[in-house]
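Enquirer: sequence unknown, structure follows:
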Ligand SMILES: O=C([S-])c1cc(C(=O)S)c[n+]([C@@H]2O[C@H](COP(=O)(O)O)[C@@H](O)[C@H]2O)c1
Ligand code: NI
């Protein structure tokens, strides 16, 4: 069983709406405020209030500025602030991935490198509070997996720093690649920060899955439209282990004319765009040319976005795609303490019995600041054994 969160964005989603919904569902405001303070100390105060939207009760989360003149900040500055804040590793990693998606989308829209994307004054503090706050709230709620239903983006036009822009606004359109969306009504129903949170945190777009419901929450948007509640809802519950078999696709292209130094960037962009894995195989292709086959494994709903990444980042004139069936192990996570911090242990299990347990390598590498990675790995393995996370032993309660 996994604690799953499903996001209902059928009336739209913004960062503050999702934050309000998670606090409404029971996330502790002090824990969320502490995470935000760790990134931007003494700059914002989160306030929550019960409000009504078209007759429905919901929690409104407000980000109150407590500084007069907050500085302009680029994505590269914000990345350093989040990295250095001492956040719990899952909170830090989710916040970094969300901001990266937002900055890359804005960069593509404006034709500038993501690192130069500028979050001006209030926008920067607002976005940091929303993104870090949502990631901290998920952690506080013990959420292990996330999915989202179709997202209503809105229609018409809105005013932004660029003047009057069409809805869905360009950054939202960029972020929506591969996601099920609808117009859903007049006005800007989904903001760039809201969409970045959904597409980064949710593993898939799906209708409400089978859950044993534990709690629900509703987060209010700023406006109150008559006849349609301006709320983002969340439902949290225990999800049964997914069926053993899953549909997957493999997208491939043979490439003989890419500067080999570019390949690592191609692979990392494919992983950031939702590939389950991406790899290269050296081949001798037609005309006896040494080349590489690029292979990308992904869920079918990620295929369109991944084909676009391949086309944009390699010189290939075409690609091929085939359908596969995956048999992923059922997974669970536990955290162990080692010198200097915590390491998550990834556990595969069947019928309540552990079949494999492995320290999450990114957590291990992050703690290997002034000692070898192998030392931290050995300590994490020993901590996992001491905690009973050993093949053949029962899966402990989470
Ligand atoms: O300021 C910029 S660059 C900006 C770009 C865009 C594009 O789609 S491009 C949109 N907006 C608007 O800013 C507000 C706030 O959005 P948050 O995600 O920070 O909540 C919203 O109305 C966007 O449409 C700004
Ligand atoms: Ni913009």
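Expert: Noted; the coordinates are in hand. These numbers come from a predicted model, not from an experiment. Ligands and ions are numbered 1, 2, ... in the order given.

Enquirer: for the helix or strand of the chain at the bottom of the mean pLDDT ranking, which strands pair with it and how are they oriented?
Expert: Across the helices and strands of the chain, mean pLDDT, DSSP states H and E gives its lowest value to strand 118-119, namely a mean of 81. When pairing is defined by DSSP bridges, strand 118-119 lines up against strand 73-74 (antiparallel).

Enquirer: who touches the strand it pairs with?
Expert: Contacts to strand 73-74, defined as C-beta atoms under 8 Å, 6 or more residues apart in numbering, come from residues 81, 115, 116, 117, 118, 119, 124. Every residue, glycine included, has its C-beta placed from N, CA and C.

Enquirer: who touches the least confident helix or strand of the chain?
Expert: In contact with strand 118-119 (C-beta under 8 Å, 6+ apart) are residues 72, 73, 74, 75, 78, 127.

Enquirer: re earlier: any of the contacts of strand 73-74 buried? List them.
Expert: Buried members of the contacts of strand 73-74, counted by 16 or more other C-beta atoms under 10 Å: 81, 117, 118, 119, 124.

Enquirer: output these in JSON lines; the columns should cover distance to ligand 1.
Expert: Listed next are these as JSON lines, based on distance: C-beta to the nearest ligand atom, whole Å:
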{"residue": "81", "distance to ligand 1": "17"}
{"residue": "117", "distance to ligand 1": "8"}
{"residue": "118", "distance to ligand 1": "8"}
{"residue": "119", "distance to ligand 1": "8"}
{"residue": "124", "distance to ligand 1": "9"}
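
Enquirer: residue at max distance from the center of this structure?
Expert: Distance to the chain centre peaks in the chain at residue 287, reaching 42.9 Å (criterion: C-alpha atoms, centre = their mean).

Enquirer: assumed that residue was part of a helix.
Expert: Yes. Counting by DSSP: H, G, I helix; E, B strand; the rest coil, one finds residue 287 located in a helix.

Enquirer: residues in contact with it?
Expert: Neighbours of residue 287 in contact, by C-beta under 8 Å, 6+ apart: none.

Enquirer: and for residue 140?
Expert: Each residue near residue 140 by C-beta under 8 Å, 6+ apart is listed here: 27, 28, 31, 32.

Enquirer: do the same with residue 192
Expert: Contact analysis of residue 192 by C-beta under 8 Å, 6+ apart lists 102, 105, 106, 169, 171, 172, 175.

Enquirer: over to residue 329?
Expert: 348, 349, 350, 355, 356.

Enquirer: helix, strand or coil for residue 112?
Expert: Classified using three-state DSSP, residue 112 is coil.

Enquirer: neighbouring contacts of stretch 290-300?
Expert: 204, 246-256, 258, 263, 266, 270, 274-285, 306, 310, 314, 316, 323-324, 326.

Enquirer: same thing but 6 Å
Expert: The contact list for stretch 290-300, computed with C-beta atoms under 6 Å, 6 or more residues apart in numbering, reads 247, 249-256, 270, 275-281, 283, 285, 306.

Enquirer: closest one to ligand 1 out of the contacts of residue 329, please.
Expert: Nearest to ligand 1 among the contacts of residue 329 is residue 348, at 37.6 Å by C-beta to the nearest ligand atom.

Enquirer: which of the contacts of residue 140 sits closest to residue 179?
Expert: residue 27 (24.3 Å; C-beta to C-beta).

Enquirer: state the distance from the closest one to residue 236.
Expert: Distance of residue 27 to residue 236, given as C-beta to C-beta, to the nearest Å: 10 Å.

Enquirer: next: residue 150.
Expert: Residue 150 is 19 Å from residue 236, by C-beta to C-beta.

Enquirer: neighbour count winner among those two?
Expert: Per other C-beta atoms under 10 Å, whichever of residue 150 and residue 236 has more neighbours is residue 236, with 23 against 16.

Enquirer: show me the contacts for the more buried one.
Expert: Residue 236 sits next to 5, 25, 214, 215 when contact means C-beta under 6 Å, 6+ apart.
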